[in-house]
Every structure is written in structure tokens, then in C-alpha cells.
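Q: okay, sequence plus prediction incoming.
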Amino acid sequence: MPKMKTKSSAKKRFKVTATGRVLAAQAGKRHGMIKRSRKFIRNARGTTTLCKADENIVKSYMPYAR
């Protein structure tokens, strides 16, 4: 069987941890910061782990990242 291909967009946006969780960048930080509250901007720093349902979708895009 040939190797399965990884979706290029997924490998650029997500990272799978050693325990199998998926890390992703926080949403809502690209533009329009002036209308966002200070609390939102502070809480949206760094990365976050995806929920179980979204995790399964991303893992289907990255067959070798388990």
C-alpha cells in the first residue's frame, strides 16, 4: 500500500502532543483588537487544546501524527 498523505494545511496549523491531544492557536486574534476586551486578549494568548470531536477531525488529516 502507498503511504497516506498528510493535509499540508493541518500540519502547519496543529501539533499533536505526546499524550495525543491536539494543540491549536487561539481564535480571534488576527485583527479588530480595539473592540475586544483586555480580558479576551489576555486569555487568548498562546495555544489551546481542541475538544474531542475536533481532535478526531484533525487526526484524520494527519494519519502519522499519533
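A: Perfect, I can see it now. The structure presented is a predicted model; accordingly, all values stated were derived computationally and were not measured.
Q: SS state for the spatially most central residue of the chain?
A: By CA atoms, centre = their mean, the chain has its centre lying nearest to A24, at 2.3 Å. Put simply, A24 is strand when judged by DSSP: H, G, I helix; E, B strand; the rest coil.
Q: so it makes contact with G46?
A: No: in this structure, A24 is not within contact of G46 by CB atoms under 8 Å, at 10.6 Å. (Glycine included, C-beta is placed from N, CA and C.)
Q: for the residue nearest to the centre of the chain, list each beta-bridge partner.
A: Counting by DSSP bridges, A24 forms beta bridges with F14, T48.
Q: and it, what pLDDT?
A: In this prediction, A24 carries a pLDDT score of 98.
Q: look up how far T48 lies from it.
A: Per CB to CB, to the nearest Å, A24 is found 6 Å from T48.
Q: ok, G32 next?
A: G32 is 19 Å from T48, by CB to CB.
Q: so for those two, which sits in the more crowded spot?
A: Shown here are G32 and T48; by other CB atoms under 10 Å, T48 has more neighbours (14 against 8).
Q: with adjacent residues omitted, what lies nearest to P63?
A: Among residues not flanking P63 along the chain, M4 sits closest, at 4.4 Å (CB to CB, 6 or more residues apart in numbering).
Q: so that neighbour is in contact with M62, correct?
A: No: M4 lies out of contact with M62 (CB under 8 Å); the separation is 9.6 Å.
Q: compare these two (neighbour count), which wins?
A: M62 (17 against 8).
Q: ok, the more buried one touching F14?
A: Yes: contact status for M62 versus F14: in contact at 7.1 Å, counting by CB under 8 Å.
Q: please consider this matter closed, and thank you.
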